[in-house]
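**Student:** structure of the sequence below:
(one chain, ligands or ions: 2)
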Amino acid sequence: PTPVILDVDPGHDDAMAILLARADPRVDLLALTVVAGNQTLDKCALNARRVCTIAGIDDVPIAAGADGPLARSLRIADDVHGASGLDGPQFGKPEVDLDDRHAVELIYDTLRAHPEPVTLIPTGPLTNIALLLREHPDVRGRIHEIVLMGGSTGRGNVTPYAEANIYVDPEAAAEVFESGLDITMVGLNVTHQALVTGDVVARLREIGTPLADTCVQMMTFFGSTYRELWGMPAPPLHDPVAVARVIDPSLVRCVDAPVRIETRGEYTAGATVTDLHHLSGRPDNARVAVELDQPRFWDLMIDAVADYPAN
Ligand code: BDR
Ligand code: CA
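**Tutor:** Ligands and ions are numbered 1, 2, ... in the order given. Have a look, this model is predicted:
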């Protein structure tokens, strides 16, 4: 299996990404790290522990990291994910603890200890990853690739041109995209192909386990905010698409392109300026996801939830 570290800000779709990354035998989830994004760091870390508790994941270290962006104040997404960051289900007391280390140190230790280079899958703002590269440049060679959910080849979801994960910490995103590491951008243009339709919710409900019921409750809340805010009949399940790309690259078609992060634009800070037509003459620095195999993606996601034991 491909060794991976998942860096999350749960978040409804982050929760589903955790479930997918732990269940699929083609990836080995070495660590789960948390960054402030959809909610404050404390709430996101609590949510990561809640998700691991309901799924019975007690063998993956979880660490909290950056409590805000490198150079800006935190902008949370309570309009999408609610006051807790994971509104919908009722969660009991979490039964898994946080690791004592800062997320950056847990990632560093894990990269150094693992015999093979490890894939990083960030599905929140890129603050923890940028800090890792700043504080531990020696570890670059231990990173196989970074497959991140963030950005867009087209329009944004926070401002007309900026997607939330990049908008929250554009300086961190710029450092990661300019790092020279192998980067895959799984942006809104492809995650909006992963819509949690009524059919998907029905398939989750059919599984019939308490975990699947919790997923139904999460997706129902997530769907309600997308309906209210965007008028969309079904919400996009962004973060698991990045995990799916690592599990089976044939699920997510990519093209190479130069991608620059707008950090200063008057109206466009946080935009991922994606030069799909190579107009700039700049070298490619990212693989850009463009097309999702939807039926196979949903089979993967639903099978992952169904794989957890029923208790
Ligand atoms: C991204 O922002 C967050 O709200 C989601 O969890 C996802 O990572 C989508 O723009
Ligand atoms: Ca996220």
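
**Student:** please count neighbours and contacts with C-alpha atoms only from this point.
**Tutor:** Noted.

**Student:** so residue 108: helix, strand or coil?
**Tutor:** Assigned with DSSP: H, G, I helix; E, B strand; the rest coil, residue 108 falls in the helix class.

**Student:** so it sits against residue 136, correct?
**Tutor:** Yes. Proximity of residue 108 to residue 136 meets the contact threshold set by C-alpha atoms under 8 Å, at 7.3 Å.

**Student:** between the two, who's got more neighbours?
**Tutor:** residue 108 (19 against 13; other C-alpha atoms under 10 Å).

**Student:** spit out the contact partners of that one.
**Tutor:** By C-alpha atoms under 8 Å, 6 or more residues apart in numbering, the contact list for residue 108 reads 132, 136, 139.

**Student:** which residues touch stretch 183-196?
**Tutor:** Stretch 183-196 is touched from outside by 145-154, 156, 163, 177, 219, 223, 234-239, 241-242, 285-292, 294, 297, with contacts defined as C-alpha under 8 Å, 6+ apart.

**Student:** mind doing that once more with 6 Å?
**Tutor:** With contact meaning C-alpha atoms under 6 Å, 6 or more residues apart in numbering, stretch 183-196 is reached by 146-152, 234-238, 242, 286-291.

**Student:** and that stretch, end to end?
**Tutor:** Using C-alpha to C-alpha, to the nearest Å, one end of stretch 183-196 lies 27 Å from the other.

**Student:** on that earlier part again, closest to ligand 1 out of the contacts of residue 108?
**Tutor:** Distance to ligand 1 across these (C-alpha to the nearest ligand atom) is lowest for residue 132, with 19.5 Å.

**Student:** so the closest one touches residue 106, yeah?
**Tutor:** No. In this structure residue 132 lies outside contact range of residue 106 using C-alpha atoms under 6 Å: 10.0 Å.

**Student:** for those two, work out which one has more neighbours and name it.
**Tutor:** residue 106 (24 against 20).

**Student:** from ligand 2, how far off is the residue of the stretch 51-200 of the chain found nearest ligand 1?
**Tutor:** The minimum distance from the stretch 51-200 of the chain to ligand 1, using C-alpha to the nearest ligand atom, falls at residue 164 (4.4 Å). Look at residue 164 and ligand 2: by C-alpha to the ion, to the nearest Å, they are 9 Å apart.

**Student:** equivalent analysis for residue 69, please.
**Tutor:** Relative to ligand 2, and taking C-alpha to the ion, residue 69 is found at 14 Å.

**Student:** burial measure for that residue, as a count.
**Tutor:** If we define neighbours as other C-alpha under 10 Å, then residue 69 has 21 of them.

**Student:** how about the strands of the chain, start to end?
**Tutor:** Applying DSSP state E to the chain gives strands spanning 2-8, 27-34, 62-64, 118-122, 143-149, 183-186, 252-257, 259-261, 272-274, 286-292.

**Student:** quick one: closest of those strands to ligand 2.
**Tutor:** strand 2-8 (5.8 Å; C-alpha to the ion).

**Student:** what pLDDT, on average, does the longest helix along the chain get?
**Tutor:** The helix that spans the most residues within the chain, counting by DSSP state H, is helix 210-230. The pLDDT scores in helix 210-230 average 97.
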